[in-house]
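Peer 1: Have a look; sequence and predicted model below, questions after that.
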Amino acid sequence: MLGLAVYNTVTACSSSAPPSEAAPTGNAPASAGSAANNAFPAGWKRVNLGFVSAYLLLRGKEVAVIDTGTPGSAESIHTGLKAAGADWAAVKHVIITHYHPDHAGSVDEIFPQVKSAFYAGAGDAGNIVSDADIKPLDEGDDVFGLRVVNTPGHTAGHISILDTSTGTLVAGDALRTQNGLEGSDPQFTADETAAIASVKKLAGLDIKAILPGHGEPLTSGAKEALQKLAASL
């Protein structure tokens, strides 16, 4: 503006099967040269991991990684960084929207690569077993000029990340777009009432783009679509 995460069972946030390969995509333009010598234009880049996505938010000479995908995703995230003209050295912030292993699965693969602070929502941070010191975040906290928005429901400590300078919302699993804009998948939602309240809360924000954990980014008519969804719940 993370060492090995251990889970007894793998709980995905989507019923889609993970792909055999992953490719980074997104809208942030690449910068020539090394991250140490060049400033990045403000923007974002999606790292498409198939059934789930991580996102890179670029600003100045630093990058924030939002979510780390399933175990084994670090290489794809590194490829995304290089496509944006960056490298692990530029990563100063790693934010996890929630503890499910398709979002926090590569924390410990990334941890040795970066000199970065790691964060998660206060209600979920303790569920991420890692060598990294996961710092708790709460409503209104600021990281890298990014605003933390508590969006419980999918998990108790789920957070979304809003870049107020551009209106870009990284929604984790509070929103999804596989079949049009929808809220948290009920099949993987801890508290459906809270999840609905979180959608209504997000609909009151000034949002111009939605970057979901599952599905394609919504970059046109995002605010209107979100308000329509909230009104239908």
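Peer 2: Thanks, I have it. Residues are numbered from 1 along each chain as shown.
Peer 1: So which residues of the protein form strands?
Peer 2: Residue ranges of the strands in the chain, as given by DSSP state E, are 23-24, 40-48, 53-60, 62-66, 91-96, 117-121, 134-137, 142-143, 146-150, 159-163, 168-172, 175-176, 182-183, 209-212.
Peer 1: Between strand 62-66 and the third one, find me the angle.
Peer 2: Okay, so that is strand 53-60. In this structure, strand 53-60 runs at an angle of 160 degrees to strand 62-66, with axes from the mean of the first three to the mean of the last three C-alpha atoms, to 10 degrees as the basis.
Peer 1: switch to numbering from 497
Peer 2: Sure, I'll start counting at 497 from here, so that last one is strand 549-556.
Peer 1: List the buried residues for strand 549-556?
Peer 2: Burial within strand 549-556, assessed by neighbour count using 16 or more other C-beta atoms under 10 Å, is assigned to 549-555. (Each C-beta comes from the backbone N, C-alpha and C, glycine too.)
Peer 1: Lowest-confidence entry in these?
Peer 2: Per-residue confidence across these is lowest for R555, with 90 (pLDDT).
Peer 1: any idea how far L577 is from it?
Peer 2: The gap separating R555 from L577 is 14 Å, by C-beta to C-beta, to the nearest Å.
Peer 1: tell me which of the buried residues of strand 549-556 is nearest to D687?
Peer 2: Of all these, the one sitting nearest D687 is S549; the distance, using C-beta to C-beta, is 23.7 Å.
Peer 1: separation between that closest one and G700?
Peer 2: According to C-beta to C-beta, S549 stands 25 Å off from G700.
Peer 1: Kindly report the same for Q609.
Peer 2: According to C-beta to C-beta, Q609 stands 37 Å off from G700.
Peer 1: same check, this time on D638
Peer 2: Separation of D638 from G700 (C-beta to C-beta) stands at 19 Å.
Peer 1: tell me which residues form a beta bridge with the most centrally placed residue in the chain?
Peer 2: If you average the C-alpha coordinates of the chain and look for the closest C-alpha using C-alpha atoms, centre = their mean, you land on I562, 3.6 Å from that point. Here I562 sits in beta bridges with Y551, I591, going by DSSP bridges.
Peer 1: contacting residues for it?
Peer 2: Going by C-beta atoms under 8 Å, 6 or more residues apart in numbering, I562 touches 550-553, 591, 593, 657, 666, 707.
Peer 1: Repeat that for L642.
Peer 2: Counting by C-beta under 8 Å, 6+ apart, L642 touches 497, 553, 560, 591, 657-660.
Peer 1: do K697 as well
Peer 2: Taking C-beta under 8 Å, 6+ apart as the contact definition, K697 lies against 645, 647.
Peer 1: Next: E688.
Peer 2: The contact partners of E688, by C-beta under 8 Å, 6+ apart, come to 649, 680, 682.
Peer 1: Where do the helices of the protein begin and end?
Peer 2: Residue ranges of the helices in the chain, as given by DSSP state H, are 570-579, 597-600, 603-606, 688-699, 718-728.
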